[in-house]
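Visitor: The following block contains a protein sequence and its predicted model.
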Amino acid sequence: MTAEEIERLATWCAAAGISEIELAEAGFSLCLRVQPAGTEPRAAAAEAPKAEPALKTVRAPGVGVFRLVHPTTGHPVIERGQPVRKGEIAGVLQVGPYLKGVVAPEDGTLGVALAEDGAVVGYGTPLYELL
């Protein structure tokens, strides 16, 4: 994200009355706090409580119906606790008659499913924990 994009996001948040927003994805996190005019700044970052590490997840690559069970085989696409490698198919999105693979963003072990079988999901929706 560029400085201009961050500034534009902060402006939009302030205009919408949003005082805080946090974005996180693999290798990137951003937390914006918009301070109302005439108020004292919040405590320094050194005094702020430490944030918990962001949950690593396998996310939807687009809009579709999440499938835990492969529609053509009737078998689970992948089992919880199974190791996955970066780029390996860890799930399936169904878009009409088409199937799109959901790939692991990094090496890890597949955790719990964060979406139910048959759930309509959007781009970036967390589908599985990645341990």
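Guide: It's in. Residues are numbered from 1 along each chain as shown.
Visitor: And the helices in the protein?
Guide: Here the chain has its helices, by DSSP state H, at 3-16.
Visitor: Outline the domain layout of it.
Guide: Listed by automatic domain parsing, the domain ranges of the chain are 3-47, 57-130.
Visitor: Make CSV out of those and add mean neighbour count.
Guide: To be clear about C-beta, it is placed using only N, CA and C from the backbone, and glycine gets the same treatment. Output for those, formatted as CSV (neighbours: other C-beta atoms under 10 Å):
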stretch, mean neighbour count
domain 3-47, 11
domain 57-130, 15
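Visitor: mean pLDDT lowest for which of those domains?
Guide: Across these, domain 3-47 has the smallest mean pLDDT, namely a mean of 68.
Visitor: my guess is K56 meets E106, correct?
Guide: Yes. In this structure, K56 is within contact of E106 by C-beta atoms under 8 Å, at 7.3 Å.
Visitor: any idea how far W12 is from A3?
Guide: A3 is 15 Å from W12, where distance means C-beta to C-beta, to the nearest Å.
Visitor: no, scratch that, I was asking about P61
Guide: P61 is 26 Å from W12, where distance means C-beta to C-beta.
Visitor: L99 too?
Guide: Distance of L99 to W12, given as C-beta to C-beta: 36 Å.
Visitor: now L32
Guide: 10 Å.
Visitor: Same question for A119.
Guide: Taking C-beta to C-beta, one finds A119 at 29 Å from W12.
Visitor: likewise L130?
Guide: 30 Å.
Visitor: likewise Q94?
Guide: Distance from Q94 to W12, by C-beta to C-beta: 33 Å.
Visitor: ok, now L93?
Guide: Going from L93 to W12 by C-beta to C-beta gives 29 Å.
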